[in-house]
Structures are given as structure tokens and as C-alpha cells.
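Novice: Sharing a model prediction with you, sequence too.
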Amino acid sequence: MLKEMLKEVDLPCLTDRVKRDLQILALQGMPEEVCGLLHRHGIIHQYQNVFVGDKSHGFDMNVVLDTDTVAIWHSHPGGLIKPSSDDVPVMEMLKSKMISAPWIIVTTHSVTAWTLDL
């Protein structure tokens, strides 16, 4: 039900250069998911994936979101270009805590940004 509430969005700071750099990070991290934050002006911060399970199918990171945070990003090594069924409940939980930063999904073929319209 929540997956129907996903909306692809355009982020001005998600330039071709930023997309390329995110894809390079995703390729370097294969077969695991890589993750981080995108700050204004297209500044990419990568954080260690501290997910306890299979890191090729999940991510977790220890971060503090600040006013410069534009989006949360992570890769999908399997190629799914939308937030997964595991991602959506986390997006909903963050939104309930007033954290509405879009999620950027990075694959080897695309980089897309998503929000959850509740």
C-alpha cells in the first residue's frame, strides 16, 4: 500500500556529475549496498554500511541529519530503481519524525530521487 505513495522527484543538486559520482561509489561497493547523505551544492558524503544482515540487500548508517542535508542515498546492487519494500517503511518512520529528506536510489544504470506522499 505504501509503495503506491512513492513519488519520483527532481533535485536540482542531483546534477549529471553528482549522478556519475554516486554510480562510481555504487560500483566500487559492489556487491554490497553503499550509503550516505547528499548535502546542498551536490556534496556527497559516504558512510559505512553498518547493516547487521546481508549488506547486498540492506543498509544502515550512523549519521546526524543537519540543515545542509538534501537527501539520503544508497545503492541497489540488484538494479531496482525505486525504494524497495524494505526501504518504504523506513521512509515512513522518518517522515513521522518530521524527517522528509528524499531518498536517492543508485544503480549502475540510473540515479533517481523519491519521496513518500502520505
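Specialist: Sure thing, it's come through.
Novice: Name the residues that touch the host helix or strand of residue 73?
Specialist: Using DSSP states H and E, residue 73 maps to strand 69-75. Residues outside strand 69-75 that contact it (Cβ atoms under 8 Å, 6 or more residues apart in numbering) are 11, 13-14, 22, 25-26, 29, 33-40, 44, 59, 65, 101-107, 113. Heads up, the C-betas are built off the backbone N, CA and C, glycines and all.
Novice: Mind doing that once more with 6 Å?
Specialist: For strand 69-75, the surrounding residues in contact (Cβ atoms under 6 Å, 6 or more residues apart in numbering) are 13, 26, 33-40, 59, 101-104, 106.
Novice: again with stretch 109-118
Specialist: By Cβ under 6 Å, 6+ apart, the surrounding residues in contact with stretch 109-118 are 5-9, 11, 14, 19, 22, 81, 83, 91, 95, 102-105.
Novice: If any of those residues are buried, give me the ChimeraX selection for them.
Specialist: Restricted to buried positions by 16 or more other Cβ atoms under 10 Å, the ChimeraX selection for those reads:
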select :6,11,14,19,22,83,91,95,102,103,104,105
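Novice: out of the contacts of stretch 109-118, which are inside strands?
Specialist: Judged by DSSP state E, the contacts of stretch 109-118 include 6, 7, 8, 9, 103, 104, 105 as members of strands.
Novice: Which strand residues bridge the first one?
Specialist: Per DSSP bridges, residues listed as beta-bridge partners of residue 6: residue 116.
Novice: any weak-confidence spans in this structure?
Specialist: Across the chain, the ranges flagged by pLDDT under 70 are 1-3, 118.
Novice: center of it, which residue is that?
Specialist: Closest to where the C-alpha atoms of the chain average out (Cα atoms, centre = their mean) is residue 73, at 2.3 Å.
Novice: Leaving out sequence neighbours, find the closest residue to that one.
Specialist: residue 104 (3.7 Å; Cβ to Cβ, 6 or more residues apart in numbering).
Novice: Count the residues that sit near residue 27.
Specialist: Neighbour count of residue 27, defined by other Cβ atoms under 10 Å: 13.
Novice: Now the element after the helix or strand hosting it, going C-ward?
Specialist: Residue 27 is located in helix 16-29, with elements delineated by DSSP H and E. Per DSSP H and E, the first helix or strand lying C-terminal to helix 16-29 is strand 35-39.
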